[in-house]
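**Student:** Quick one: sequence plus predicted model below, questions after.
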There are 2 protein chains.
Amino acid sequence: MAHLTASVEYGIHCLLLLAGAGESPASGRDLAEFQGVSPSFVAKIFSRLEKGGIVEASEGIRGGYRLARPTEKISVLSIVDAIEGRKPLFECQEIRERCALFGGAPPIWATRGVCSVHAVMLQAEKAMRDVLADCSLADLGVSVERTAPPSFGIDIKDWFDRRAEARGTARQAAAAARSGGRHP
Amino acid sequence: MAHLTASVEYGIHCLLLLAGAGESPASGRDLAEFQGVSPSFVAKIFSRLEKGGIVEASEGIRGGYRLARPTEKISVLSIVDAIEGRKPLFECQEIRERCALFGGAPPIWATRGVCSVHAVMLQAEKAMRDVLADCSLADLGVSVERTAPPSFGIDIKDWFDRRAEARGTARQAAAAARSGGRHP
């Protein structure tokens, strides 16, 4: 199994959509439909992104999620940590202290400092995290823009705007029908 | 859960013991007892290390495992890959092609090359693997020697030698008893 789950992949793709949406919030339901996944899956991811200070949620007909910070200030690492928690590369069990020679009472030198196996794993983890920390959502956006035609961003924005409008119109119609029912 | 399991930690500690044992093979059962784990757990790890060309197994009373290569030629990465298989940091689901705008028929530009999210993950994974590739079993051995007293290596070697001798003596006694039974 991979270290990082599909939640990270969907999370980043959703955030790239929000980055394209600018100031207009996008609903979790629309983000889910756009990516072809369940709304509950997106809700779970976004609840973590909100806790991690990556997105802000707003209520109301036109409510939804928007980025809490400019894309240059959102690193891939912060997204990964918000979604996955702080998953270590390696969890040291301190097995060096269980050596048969110590008979259950390891000497001080045997457990002093970080175990050398753990040390190289921490160094490898740091190298991995440094790469993710150095890449921002803005950098990813530039890569996407480089491959997509210029109209793609506009098409996406239109899709989300139409959905939000349709939802607004449907709610207004429902409210009018309810009001018509009460005062005939 | 950590990316790398406890098998990697026990595997590396066992290999450090083999490195200290020099030309004398160590039995899987003794390695397990020395670390305080089950022989079946060590057997599973060593079957992978043998397949990965890290250790060689020999049969007989004095049989067991020894390193297949000098410690300088065994990288931590090769141990990790032998034990865990090639576990990716991130498995790209190519979700970019499932965008609602494409209606199930993504255009060529949308799936050309590596997805930019996947690209940064591959770069992070490479950075992590490079650190593990640059550290050898010999390097880890030097770190352990730096913290342990000079007698520690000798004590370990003695422990394994005594175990192998005891096994040899026990088998000889059993063989003598069997032979005595057949020719009284």
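**Tutor:** Yes, it's here. Numbers count the residues shown, from 1 in each chain, chains lettered A, B, ... in the order given.

**Student:** Would you mind confirming that A:G168 makes contact with A:I61?
**Tutor:** Yes: counting by Cβ atoms under 8 Å, A:I61 is a contact partner of A:G168 at 4.9 Å. For glycine as for every other residue, the C-beta is placed from the backbone atoms N, C-alpha and C.

**Student:** For stretch A:2-22, list every residue counted as buried.
**Tutor:** Buried positions in stretch A:2-22, judged by neighbour count with 16 or more other Cβ atoms under 10 Å in any protein chain shown: A:2-21.

**Student:** check these against chain B, which are close?
**Tutor:** Filtering the buried residues of stretch A:2-22 for proximity to chain B by Cβ under 8 Å from any Cβ of the partner chain leaves A:A2, A:H3, A:L4, A:A6, A:V8, A:E9, A:Y10, A:I12, A:H13.

**Student:** what's near enough to touch the last one?
**Tutor:** Counting by Cβ atoms under 8 Å, 6 or more residues apart in numbering or on different chains, A:H13 touches A:Q35, B:I95, B:R96, B:V117.

**Student:** of the residues you listed, closest to A:F102?
**Tutor:** Nearest to A:F102 out of the contacts of A:H13 is B:V117 (Cβ to Cβ; 46.9 Å).

**Student:** Help me confirm that that closest one comes into contact with A:I12.
**Tutor:** Yes: with contacts counted by Cβ under 8 Å, B:V117 reaches A:I12, the gap being 5.0 Å.

**Student:** Can you check which residues contact both of the two?
**Tutor:** A:L140.

**Student:** hmm, back to that, turn the contacts of A:H13 into JSON lines, columns for neighbour count and distance to A:R112.
**Tutor:** Formatted as JSON lines, those follow (neighbours: other Cβ atoms under 10 Å in any protein chain shown; distance: Cβ to Cβ, whole Å):
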{"residue": "A:Q35", "neighbour count": "20", "distance to A:R112": "50"}
{"residue": "B:I95", "neighbour count": "18", "distance to A:R112": "47"}
{"residue": "B:R96", "neighbour count": "22", "distance to A:R112": "49"}
{"residue": "B:V117", "neighbour count": "25", "distance to A:R112": "41"}
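
**Student:** what's the farthest-apart pair in those?
**Tutor:** A:Q35 and B:V117 (12.7 Å).

**Student:** Please compute how far the lowest-mean-pLDDT helix or strand in chain A lies from its chain's middle.
**Tutor:** The weakest-scoring helix or strand in chain A, judged by mean pLDDT, DSSP states H and E, is helix A:151-182 (a mean of 81). Computed by Cα atoms, centre = their mean, to the nearest Å, the chain-centroid distance of helix A:151-182 equals 26 Å.

**Student:** Tell me if it is near chain B.
**Tutor:** Yes: shown here: helix A:151-182 in contact with chain B (Cβ under 8 Å from any Cβ) through A:F152, A:D155, A:I156, A:W159.

**Student:** mind listing what the third one touches?
**Tutor:** Contacts for A:I156 (Cβ under 8 Å, 6+ apart) come out as A:L17, A:G20, A:A21, A:F34, B:C99, B:L101.

**Student:** Repeat the analysis, applying 10 Å as the threshold.
**Tutor:** Shown in contact with A:I156 (Cβ atoms under 10 Å, 6 or more residues apart in numbering or on different chains): A:L16, A:L17, A:G20, A:A21, A:A26, A:F34, A:A148, B:C99, B:A100, B:L101.

**Student:** how many other residues sit next to the fifth one?
**Tutor:** For A:A26, the number of neighbouring residues by other Cβ atoms under 10 Å in any protein chain shown comes to 25.

**Student:** Please apply the same query to the last one.
**Tutor:** Counted with other Cβ under 10 Å, the neighbours of B:L101 add up to 13.

**Student:** Output the below-cut-off pLDDT ranges for chain A.
**Tutor:** Applying pLDDT under 70 to chain A flags residues A:180-184.

**Student:** any chance you could map the strands in it?
**Tutor:** For chain A, strands defined by DSSP state E occupy the ranges A:55-58, A:64-67.

**Student:** Distance check, A:F46 against A:L137.
**Tutor:** A:F46 sits at a distance of 15 Å from A:L137 (criterion: Cβ to Cβ, to the nearest Å).

**Student:** again with A:H13
**Tutor:** Taken as Cβ to Cβ, the span from A:H13 to A:L137 is 11 Å.

**Student:** quick one: contacts for A:P88?
**Tutor:** Contacts of A:P88 (Cβ under 10 Å, 6+ apart): A:H3, A:H118, A:M121, A:L122, A:E125, B:M1, B:A2, B:H3, B:L4.

**Student:** Taking the contacts of A:I156, tell me the two that lie furthest apart.
**Tutor:** Counting by Cβ to Cβ, the most remote pair of these is A:A26 and A:A148, 18.0 Å apart.

**Student:** So A:P106 sits against A:A100, correct?
**Tutor:** No: the criterion here is Cβ atoms under 10 Å, and A:P106 misses it with A:A100 at 11.1 Å.

**Student:** sorry, back to before: quick one: which of the contacts of A:P88 sit in helices?
**Tutor:** A:H118, A:M121, A:L122, A:E125 (DSSP state H).

**Student:** Brilliant, that's me finished.
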